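> just the structure for this:
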Amino acid sequence: MGNPVRSVTDRISFKRRTFLAGASLAAATAAMGVPRAAGQEAVLTVGRGMADMTGEPLGAGMNGYAVMKQSTTGIRFRQFARAFIFEDADGVSSVFVIAEMGLMFQSIQLEVLRRLRGLFGGKYNESNVFITATHTHVGPGGTSGHLMVDLTTLGFRPVTFEATVAGIVEAVERAHADKQPSNLRLVRGEVKDAGVNRSFQAFSRNPEEEKRAFPTGVNPESLTLFVSRGGKDVGLINWYGMHATSFGHEHTLIDGDHKGWSSWRMEKERGTVHRDAANPPFVAAFATAPQGDITPNAGLEPKTGPGYENEALSAQILGDRQIDATQGKLVDISGSRIRNRHKWVDMRNVAVRGEFTPDGSDQRTGPAILGAAFAASSQEDGGGLEVPIFNEGERGGTPWVKHLNDVTVPSDWKEIHGNKEMLLPLGYIDGMIQQVLMFSVTQIAGLTIITNSMEPTSMAGYRMRKRVAEVLGVPLETVVCQGYTSGYAHYVATPEEYDNQDYEGGATIFGRHELCAMVQVYDELARSLRDGSQLDSGAPAGDLTGWIPKSLPGRPGIDRPAWGKQFGDVITATQKVKAGDTASVTFSFANPNSDLRRGVGYHAITDASGAIVADDFHSSTIIEFVKNADVVNARISWDTQGFSPGTYTVTVEGKSRAISGELTPFEGTAEVTVV
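Okay, the predicted model is just below:
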């Protein structure tokens, strides 16, 4: 893991305020100039809401790379949940929450729904609440409830779990209070130079007629649903597919990656104050589209995004390109009705009819098995095991696992899992991995959104969208596929891609025909929605929250200030700094996990008038927590580019924990003069 002091210097060497200021006017003008056309917009009641959901910023394992030593050391950007409620004249609702986190889990979904029942009765329930993750790889984890995922974060983290759930529920509450008549319009754009297919050899196995849809292996399509009131835009949801892996597995500061930057920047430029997000003028959610095989690292190895070694610059450039793509062609989604269908499916044993398989033969899925290619990780993005004892298919695979399979694996496993070099048969152990999963099809006027809990490759997503569009008789460009929703069950690749056994195929856990089974489920859901018929929606396998042992590193300890100091005292400080350079102040602090300060933050920088000019919701500051036994110091780095000369006050707030467990608030201040 990199030196945290050096990492700050590296990450703020790019002047974020200069970049933001230089592009803001053009972006704001362009985004507001998206075309409108009478009769092509939808008219519904819409509510928007957002809330801070930042988890533990010190010592919490991060979700995404499965690297145990990657644990949080501070905050670069706080995490947010953004909720949109759509409601028609009959009172039918659909709720979409986009959460800036690595993965979404059934444990979170079930607890959010339980709390929503307490607030709103049955109005918002599993049939119409869809929570999705942006898939940032630099957010705190330990919230799964299934052992396979929580093993990589060294156990369950109840503090981060509570922050996540509370933030999501608060965002929905705010969206509910915000409901009012609104216009919706859908814009189709294209994102330029923002991702490459990291498994192109596997993608190339797909049929030629399908590959013509996006021959580079990247679907550049960006769909943006704008919400407007009185002719003024007040929010949006954007869907575009690209992995949020601009930051590699050595990065340990909480960040929303490129999608988080897109949201923050658009909201900031339109007057949203993230410290005071109860009634924002604009809410911008950047969600995922099928991106399982799409990397932001154009050089097909870590740190080869457009900013190269400067990962923050890569995230910002890619985020800005997604903002640019919110412009484009207006797509007709006129209408005023909302309809939802959902179904829980036990993916361990789905009989797949021949009409859904490539060769027309009947097939089936089986209990989850992860392959050696999964253990190899996506070698273009990094992560996984440091010792390279496994390989993806295009790198020759892992012959010793294949030979072991030849003598130890039952024939029915081979029939279901085909070319997979089977390594981890987790589906045969209760509680290890989620296998009963929710699928949904929702129509919001003329827009159709299908959700699942997987990470679909570009072509897998295309096939699911295409089938639903055909059944419903709607244009393909009005159908969105959204993964990472209502749970998590690794990847889904096409059968052809699966045979190559790259990372995506090795992580397609239910066998070669997993996608075929999913298309069959969507066919059933779409027909029910089209015909107005009802279906048995089934039920989840049960809530495992609390079953996983709590993380030992996550247990609270006793705080002690730095030697000779009190909590909040200044240890070192930049007293005078030239405008454009970085100021740094280190305070004697306490473990920040005792008080996550959700919605208010740990620090603020005020000018001579007392106005807050920066904080840990802002792009110009970073807060790091440096721990030595039971002593924790907080280091604030402030990029002064664009700030006027003058004297500023840096303030930190936190709570220290005594041996009794009692928490005592403290505060510290320091002055920095910008010249």
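> what's the separation between residue 397 and residue 513?
For residue 397, the distance to residue 513 equals 21 Å [Cβ to Cβ, to the nearest Å]. The C-beta positions use only the backbone N, C-alpha and C, and glycine is treated the same way.
> ok, those two, which is more surrounded?
More crowded of residue 397 and residue 513, by other Cβ atoms under 10 Å: residue 513, with 27 against 22.
> isn't residue 199 up against residue 506?
No. The pair residue 199 / residue 506 is not scored as a contact, 10.5 Å apart, by Cβ atoms under 8 Å.
> list the residues that contact both of those two?
Taking Cβ atoms under 8 Å, 6 or more residues apart in numbering as the contact rule, residue 199 and residue 506 both touch residue 392.
> tell me which of these two has more neighbours.
residue 506 (33 against 30).
> SS state for the residue lying farthest from the centre of the chain?
Note on the chain: the largest C-alpha distance from the chain mean falls to residue 564, namely 42.1 Å (Cα atoms, centre = their mean). Using DSSP: H, G, I helix; E, B strand; the rest coil, the structure places residue 564 in coil.
> same check on residue 648?
Following three-state DSSP, the label given to residue 648 is strand.
> before we move on, the earlier item: any idea how far the residue farthest from the centre of the chain is from residue 571?
Residue 564 is 10 Å from residue 571, where distance means Cβ to Cβ.
> ditto for residue 429
48 Å.
> okay, these two: which has more neighbours?
Between residue 429 and residue 571, counted using other Cβ under 10 Å, the more crowded position is residue 571 (18 against 13).
> now the more buried one: which helix or strand?
Using DSSP states H and E, residue 571 sits in strand 570-573.
> mean confidence for the next helix-or-strand element following that strand?
Next helix or strand after strand 570-573 toward the C-terminus (DSSP H and E): strand 576-577. For strand 576-577, the mean per-residue pLDDT is 95.
> list the neighbouring strands of strand 576-577 plus their orientation.
With DSSP bridges as the test, strand 576-577 is paired with strand 663-674 (parallel).
> which of the residues in the partner strand are buried?
666, 668, 670, 672, 674 (16 or more other Cβ atoms under 10 Å).
> closest one of these to residue 445?
In terms of Cβ to Cβ, no member of those lies closer to residue 445 than residue 674, at 50.6 Å.
> ok, back up a step: contacts for the strand holding residue 571 next, please.
If you take Cβ under 8 Å, 6+ apart as the criterion, strand 570-573 is touched by 562, 565, 584-588, 633, 650, 668-670, 672.
> recalculate using a threshold of 6 Å.
Residues outside strand 570-573 that contact it (Cβ atoms under 6 Å, 6 or more residues apart in numbering): 585-586, 588, 670.
> about what we covered before: mind putting the buried residues of strand 663-674 into CSV with distance to residue 533 and pLDDT?
Shown next, in CSV, are these (distance: Cβ to Cβ, whole Å; pLDDT from 0 to 100):
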residue, distance to residue 533, pLDDT
666, 61, 98
668, 63, 97
670, 66, 97
672, 66, 96
674, 66, 96
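> mind listing what's buried in the strand holding residue 571?
570-571.
> got the CA positions of that strand in CSV?
Extracted in CSV, the C-alpha atoms of strand 570-573 (Å, rounded to 0.1, in the frame of the first residue of the first chain):
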residue,chain,number,x,y,z
VAL,A,570,-2.8,21.3,15.9
ILE,A,571,0.3,19.2,15.4
THR,A,572,1.6,20.7,12.2
ALA,A,573,0.2,23.4,9.9
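> who does that strand pair up with?
Paired neighbours of strand 570-573 in the sheet (DSSP bridges): strand 582-589 (antiparallel).
> centre of the chain to the partner strand, how far?
Put simply, strand 582-589 sits 30 Å off its chain's centre (Cα atoms, centre = their mean, to the nearest Å).
> same check, this time on stretch 335-347
In terms of Cα atoms, centre = their mean, the centre of stretch 335-347 is set 22 Å apart from its chain centre.
> just the CA trace of that stretch, in CSV.
Extracted in CSV, the C-alpha atoms of stretch 335-347 (Å, rounded to 0.1, in the frame of the first residue of the first chain):
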residue,chain,number,x,y,z
GLY,A,335,-47.0,8.5,-21.8
SER,A,336,-48.3,8.8,-18.3
ARG,A,337,-48.4,5.2,-16.8
ILE,A,338,-46.1,3.2,-14.6
ARG,A,339,-46.0,-0.5,-14.5
ASN,A,340,-43.8,-2.9,-12.5
ARG,A,341,-43.1,-6.6,-12.6
HIS,A,342,-40.5,-8.5,-10.5
LYS,A,343,-39.6,-12.1,-9.7
TRP,A,344,-37.3,-13.9,-7.4
VAL,A,345,-35.5,-16.7,-9.2
ASP,A,346,-33.5,-19.5,-7.7
MET,A,347,-30.6,-19.5,-10.2
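> what's around residue 336, how many residues?
Per other Cβ under 10 Å, the neighbour tally for residue 336 reads 15.
> can you list the weak-confidence ranges in the protein?
1-38, 385-387, 546 (pLDDT under 70).
> can I see the domain layout of it?
Structural domains assigned to the chain are 41-337+456-484, 557-674, following automatic domain parsing.
> looking at those domains, spot the one closest to residue 375.
Among these, domain 41-337+456-484 sits nearest to residue 375 (Cβ to Cβ), with 9.3 Å.
> all strands of the stretch 301-450 of the chain, in order?
With DSSP state E, counting those that start in this stretch, the ranges of strands along the stretch 301-450 of the chain come out as 329-331, 338-346, 351-352, 363-364, 370-371, 422-424, 436-444, 447-451.
> just say which of these is most tucked in.
Stretch with highest mean neighbour count among the strands of the stretch 301-450 of the chain: strand 370-371 (a mean of 26; mean count of other Cβ atoms under 10 Å).
> within the sheet, what are the partner strands of it, with directions?
strand 422-424 (antiparallel).
> for the most centrally placed residue in the chain, give me its contacts.
Closest residue to the average C-alpha location of the chain: residue 134 at 1.8 Å, with Cα atoms, centre = their mean. Residue 134 makes contact with 100, 259 under the criterion Cβ under 6 Å, 6+ apart.
> which strands or helices does the longest helix seen in the chain pack on?
When the chain is parsed with DSSP state H, its longest helix is helix 158-178. Applying 3 or more Cβ pairs under 6 Å, 6 or more residues apart in numbering; DSSP states H and E, we find helix 158-178 packed against strand 42-52, strand 80-87, helix 106-120.
> got the buried residues for the helix or strand residue 226 falls within?
Using DSSP H and E, the element containing residue 226 is strand 221-229. Across strand 221-229, burial judged by 16+ other Cβ under 10 Å covers 221-228.
> list the buried residues for stretch 392-399?
Using 16+ other Cβ under 10 Å as the test for burial, stretch 392-399 gives 392-394, 397-398.
> what's the span of it, first residue to last?
In stretch 392-399, first residue to last residue: 11 Å (Cα to Cα, to the nearest Å).
> ok, now stretch 268-283?
10 Å.
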